[in-house]
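Engineer: Sequence first, then the predicted structure:
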Amino acid sequence: MRPTPPPIRAFVWGKAMRESRLVVAGGLALGLLAVIAILAPWIAPYDPLAVSLPEALLPPSPAHWVGTDPLGRDVLARLMYGARISLVIGVIAVGVAVVIGTMVGLVAGYVGGRVDSVLMRVVDTMLAFPSIFLLLAVIAMLSPNIYNIMVVIGLTSWMGVARLVRAEVLSLKEREFILAARAIGASTWRIMWRHVLPNVTAPVLVAATLGVGGAILTESVLSYLGLGVQPPTPSWGNILNEGRVALGVAWWLTLSPGVCILVTVLAFNLLGEGLRERFLK
Amino acid sequence: MALLSVEHLSVSYRHRDTLVRAVDDVSFVIEAGEVLALVGESGSGKSSVALALARLLPPRAVISGRAALKETSLLDASEETLRAIRGGTIAYVFQDPATSLNPVMTIGAQLLEAIVWHTPAGHEEARRLAVWWLRQVGIPMPELRLRAYPHQLSGGMQQRVCLAMALAARPSLLVADEPTTALDVTIQVQILRLLRDLQRRLNLSVLLISHDLTVVERIAHRVGVMSGGRLAESGAVDQVLHRPAHAATQALLRARSAMSFKT
Ligand SMILES: Nc1ncnc2c1ncn2[C@@H]1O[C@H](COP(=O)(O)OP(=O)(O)OP(=O)(O)O)[C@@H](O)[C@H]1O
Ligand SMILES: [Mg+2]
């Protein structure tokens, strides 16, 4: 008898945690980050927007753990608030990408034929554009606020998910339980929704986790280029951008957001790799 | 009038630009309460016949001929009619229960799907029916099993669940495509006995596909022997298996005696 693949619903988080150090490391880092982001209004040492010119460009000290910026704002407070922006943008952008990519991949893979060809040509075309130019072009037309950025990052990054889901669906479609579902009279939509979709959650979850890191990085790039989150609202990318002008005199301004981005992206990647090892091997 | 009548059924599969014929001009009938077995070597077109009845073949299959279940014509039915027929009047059980149950849905959810779609039962009533059917197919503690996932059951139990799913909407024809091939020998006997009991109790008509002539002798009334897409020979089980007229039947019988010699 052939072995059944492990069902994702049956997974136990605690067990997964114990089994994979990567998941633990990534998960802990992200948990901590999430707590900081959520509690920022209560635990931030200063108001992130409070300008105080006499205190401009102070190096790290017990009063300002990560120093101050050219306007005398506390960098630690700004990083904490920046974490909120980065995480929200990362998660929502990936949410948008996952929804679009899953729909497209599901329909292309299950319906097949001409629908599949058309959808996959759209994917190929979008992948052929360097996504940063696509992003810059769209953002230049819209105004660069948080909502537009989330949506636009999502709209330019769903293609990988679509390809992944399509490939999964193509192999699922040949499985006997899909035939069995048709044989009890289930409709095409019902089969896609109830029988195919739940079976692609594991790979999509992994791709989404890996994708959040990428989306956070993209947001930072946009903000660094001045096309992302607009000052005075702090985001890691625009803190980095503002620090650029004072690179020679205030290293902490560029180093600290850089480390935040690095650690967060790394944590998402560790978690994603850990989940992949756990569920897809 | 026969419950199911199949006339001049042919099935071809498109391969690039050519059509490869898998079933060639096959005709047979199944009466109410009758078990017809289809036997034949691998690739002779048995599954293609079975799946053609409810038009479950892939899009690359081309079907011709006529098939009717009571008064309903099957091969030209609308998609809507077909969905009511599938599971409602013609139900299927496939070869490998491990792959014909959805690994991420509970037994209960899959069973309820079949019941809710084909009967007027509300949720509570459907649940009761699901438990009742699980008991009918010999599953102990059915209330608990509703929440189990397929991989938590043994192969034999899985096939019992598949039988329950197939029968839950009271179909008049059960198509069982090698329902025991994937199971252990001891389990095979249990499942066959169950199938025969249910068939008698519910007065089911069954199209049973099998490699195994012993199985056929035990539960079929009539048998059709397929060879290269054609129905080489058909008739009452006694007659066909004891006085085979066709070379294909004789070959199957020889293969069986060779097998039983070994074991
Ligand atoms: N989906 C398909 N696409 C193309 N050709 C197919 C398909 N299914 C079956 N065939 C071909 O049709 C012929 C009959 O296949 P079928 O599965 O009906 O035989 P079978 O008698 O059920 O065999 P087995 O005993 O191995 O199950 C074979 O030659 C097979 O290659
Ligand atoms: Mg077959």
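Structural biologist: Right, received. Where do you want to start? Ligands and ions are numbered 1, 2, ... in the order given.

Engineer: where do the helices sit along the stretch 101-250 of chain A?
Structural biologist: A:113-128, A:131-141, A:146-155, A:159-173, A:176-183, A:188-190, A:201-224, A:236-244 (DSSP state H, counting those that start in this stretch).

Engineer: counting contacts, what elements does the longest one pack onto?
Structural biologist: Counting contacts by 3 or more C-beta pairs under 8 Å, 6 or more residues apart in numbering or on different chains; DSSP states H and E, helix A:201-224 packs against helix A:75-111, helix A:131-141, helix A:146-155, helix A:159-173, helix A:236-244, helix A:252-279. For the C-beta atoms, the positions are set from N, CA and C on the backbone; glycine is no exception.

Engineer: Likewise for the third one?
Structural biologist: Counting contacts by 3+ C-beta pairs under 8 Å, 6+ apart, helix A:146-155 is packed against helix A:75-111, helix A:131-141, helix A:201-224.

Engineer: likewise the fifth one?
Structural biologist: Under the contact criterion of 3+ C-beta pairs under 8 Å, 6+ apart, helix A:176-183 touches strand B:90-93, helix B:97-100.

Engineer: gap between the last one and the chain center?
Structural biologist: Relative to its parent chain, helix B:97-100 has a centroid offset of 14 Å by C-alpha atoms, centre = their mean, to the nearest Å.

Engineer: Is the following helix or strand past that helix in proximity to chain A?
Structural biologist: Following helix B:97-100 in sequence order, the next helix or strand is helix B:107-118 (DSSP states H and E). Yes. Against chain A, helix B:107-118 shows contacts by C-beta under 8 Å from any C-beta of the partner chain at B:113-114, B:117-118.

Engineer: Among those residues, which one is most surrounded by other residues?
Structural biologist: Of all the residues of helix B:107-118 next to chain A, the highest neighbour tally under other C-beta atoms under 10 Å in any protein chain shown goes to residue B:114, namely 29 neighbours.

Engineer: Verify the stated contact: that one with residue B:168.
Structural biologist: Yes. Between residue B:114 and residue B:168 there is a contact at 5.1 Å, judged by C-beta atoms under 8 Å.

Engineer: got the residues of chain B near chain A?
Structural biologist: Applying C-beta under 8 Å from any C-beta, we find that chain B lies next to chain A at B:54, B:56, B:59, B:82-88, B:91-92, B:94-96, B:98-105, B:113-114, B:117-118, B:149-151, B:155, B:162, B:165-166, B:169, B:182-183.

Engineer: mean confidence for the strand or helix carrying residue B:189?
Structural biologist: Residue B:189 belongs to helix B:185-202 when assigned by DSSP H and E. Mean pLDDT, helix B:185-202: 91.

Engineer: low-scoring pLDDT stretches of the stretch 51-200 of chain A, where are they?
Structural biologist: Nowhere does the stretch 51-200 of chain A drop to pLDDT under 70.

Engineer: Do a quick rundown of the helices in the stretch 1-150 of chain B.
Structural biologist: Per DSSP H, counting those that start in this stretch, the stretch 1-150 of chain B carries helices over the ranges B:46-53, B:79-85, B:97-100, B:107-118, B:123-136, B:142-145.

Engineer: picking that back up, of the helices of the stretch 101-250 of chain A, which is nearest residue B:18?
Structural biologist: Ranking these by proximity to residue B:18 (C-beta to C-beta) places helix A:113-128 first, at 19.2 Å.

Engineer: Buried ones in the closest one, by neighbour count?
Structural biologist: For helix A:113-128, a neighbour-count test (16 or more other C-beta atoms under 10 Å in any protein chain shown) marks A:116, A:119-120, A:123, A:126 as buried.

Engineer: what about the residue in chain A that chain B sits nearest to, how many neighbours?
Structural biologist: Here chain A gets closest to chain B at one residue, residue A:184, 3.5 Å apart by C-beta to the nearest C-beta. By other C-beta under 10 Å, the residues close to residue A:184 number 24.

Engineer: Skipping adjacent residues, who's closest to it in space?
Structural biologist: residue B:87 (3.5 Å; C-beta to C-beta, 6 or more residues apart in numbering or on different chains).

Engineer: Run through the residues that contact the one you found.
Structural biologist: A:183-185, B:114, B:117-118, B:166, B:169, B:171 (C-beta atoms under 8 Å, 6 or more residues apart in numbering or on different chains).

Engineer: could I get those residues as JSON lines with distance to ligand 1?
Structural biologist: Listed next are these as JSON lines, based on distance: C-beta to the nearest ligand atom, whole Å:
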{"residue": "A:183", "distance to ligand 1": "15"}
{"residue": "A:184", "distance to ligand 1": "20"}
{"residue": "A:185", "distance to ligand 1": "21"}
{"residue": "B:114", "distance to ligand 1": "24"}
{"residue": "B:117", "distance to ligand 1": "25"}
{"residue": "B:118", "distance to ligand 1": "26"}
{"residue": "B:166", "distance to ligand 1": "18"}
{"residue": "B:169", "distance to ligand 1": "25"}
{"residue": "B:171", "distance to ligand 1": "21"}
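
Engineer: What about residue A:49, how many residues nearby?
Structural biologist: 14.

Engineer: should've said residue A:62
Structural biologist: Per other C-beta under 10 Å, the neighbour tally for residue A:62 reads 5.

Engineer: Return the residues of the stretch 151-281 of chain A in contact with chain B.
Structural biologist: By C-beta under 8 Å from any C-beta, the residues of the stretch 151-281 of chain A that approach chain B are A:175-177, A:179-187, A:194-195, A:198-199, A:201.

Engineer: Any of those residues buried? List them.
Structural biologist: A:175-177, A:179-186, A:194-195, A:198-199, A:201.

Engineer: With distance to residue A:274 as new columns, can the helices and strands packed on helix A:146-155 be given to me in JSON lines?
Structural biologist: JSON lines is the format used below for these (distance: least, C-beta to C-beta, whole Å):
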{"stretch": "helix A:75-111", "distance to residue A:274": "17"}
{"stretch": "helix A:131-141", "distance to residue A:274": "26"}
{"stretch": "helix A:201-224", "distance to residue A:274": "9"}
